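Peer 1: Below are the sequence and a predicted model for it; my questions follow.
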Amino acid sequence: MATRTKVNQPRTTAAARRARPAGRRSARRWPLVAGLAALAVASAGVAFGIRDQGGGVADGPTATGSGGVAVAAADFGHVHGLAVDHATGGLYAATHVGLFRIDGEHTAARVSQDTPDLMGFTSVGQGHFLASGHPGEDGKGPGNLGLIESTDGGVTWQNTSLAGAADFHGLRAAHGKVYGYNSADGAFMVSTDHRTWERRSTLALGAFAVSPTDPQTVIAVGRDGLQRSTDGGRSWAVVGGAPAIWTLTWDEPAYLWGAAADGGVWQSTDGGTTWKLGGRLPAQPQALATHGSTLFAAVAGDEILTSTDGAVTWTVKYSP
């Protein structure tokens, strides 16, 4: 059974966690506690060992990569997106240094052959992902990747459109379409074939989510607060009384989830009109995803947490 500790206790450093004997690494849980604002800013960029696809388990400053070649330890830098392959249940994190599959509490496998800085990221189907961003240090091509696609579980990627022209900081695959927010020019765009795009509006947006049941309903983080579109992103209106949401996920029809910068995790059951505080994260949120009744949250410090009770308590899914 996982050991439960209060969030206001001092956190163990990443180095100390790695020094523990394997048998003493246990899951941690955080109960819902008020007054977590002091924990909203957590240190990022903690160094950790990784296991490359096809390699051995990392346990120290290096990891055995593909072909048995030692590779330097790396860090996520920042998780820009989380997505679940609903066919396999696998959880994937799009980061500054490529795509990782989360395999265990202390094991993240980099599945991408290259190390692109993945910004927008979404799952289409089994082993099928769409992303955007910038080339990594080992990559070639324009500074903005446009829309890139992988059909082999994120191992290899091919450009499908807008190379050099689009830097999608948000992507959502839904209703046979892909919705994207291009940070390069502020355009909210939609494509039905991954190649040709309709520009539907231009405004400053952050994270957004598309209703799983209605292709016309989109909720987005805007400069003036939460925004709603009921015409597929062609026009927008401020959602009055909404909390200061930072990131969103709407993977399941019944629940729209949002996390605020202070760690508060909010739930809406009416498409974003009203919100209820479910619980709090112990560090600043970076990305959210759901799979069935399970909620996943990436937070500062390279940790990924999971909750099965509506964000009231959290268990470590991955920690360096």
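Peer 2: Noted; the coordinates are in hand. None of these values were measured; they are calculated from a predicted model.
Peer 1: how about the helix or strand hosting residue 200: buried residues?
Peer 2: Following DSSP states H and E, one finds residue 200 within strand 198-202. Judged by neighbour count (16 or more other Cβ atoms under 10 Å), strand 198-202 contains these buried residues: 200-201. In short, each C-beta sits where N, CA and C put it, glycine included.
Peer 1: What's the mean pLDDT across that strand?
Peer 2: For strand 198-202, mean pLDDT is 98.
Peer 1: and that strand, which strands flank it?
Peer 2: Using DSSP bridges, strand 198-202 pairs in its sheet with strand 187-191 (antiparallel).
Peer 1: What lies in contact with the partner strand?
Peer 2: By Cβ atoms under 8 Å, 6 or more residues apart in numbering, the list of residues contacting strand 187-191 from outside reads 147, 161, 166, 177-182, 197-203, 205, 208, 232-233.
Peer 1: ok, of those, which come out buried?
Peer 2: 147, 161, 166, 177-182, 197, 200-201, 203, 205, 208, 232-233.
Peer 1: Please narrow those to those residing in strands.
Peer 2: Secondary structure defined by DSSP state E assigns 147, 161, 177-182, 200-201, 205, 208 of the buried ones among the contacts of strand 187-191 to strands.
Peer 1: can you redo those residues as JSON lines with distance to residue 254?
Peer 2: JSON lines is the format used below for these (distance: Cβ to Cβ, whole Å):
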{"residue": "147", "distance to residue 254": "30"}
{"residue": "161", "distance to residue 254": "33"}
{"residue": "177", "distance to residue 254": "22"}
{"residue": "178", "distance to residue 254": "23"}
{"residue": "179", "distance to residue 254": "21"}
{"residue": "180", "distance to residue 254": "25"}
{"residue": "181", "distance to residue 254": "25"}
{"residue": "182", "distance to residue 254": "30"}
{"residue": "200", "distance to residue 254": "27"}
{"residue": "201", "distance to residue 254": "28"}
{"residue": "205", "distance to residue 254": "25"}
{"residue": "208", "distance to residue 254": "19"}
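Peer 1: if we can go back for a sec, tell me the angle of the strand holding residue 200 relative to strand 177-182?
Peer 2: 40 degrees (axes from the mean of the first three to the mean of the last three Cα atoms, to 10 degrees).
Peer 1: Distance from the chain centre to strand 198-202, please.
Peer 2: 24 Å (Cα atoms, centre = their mean, to the nearest Å).
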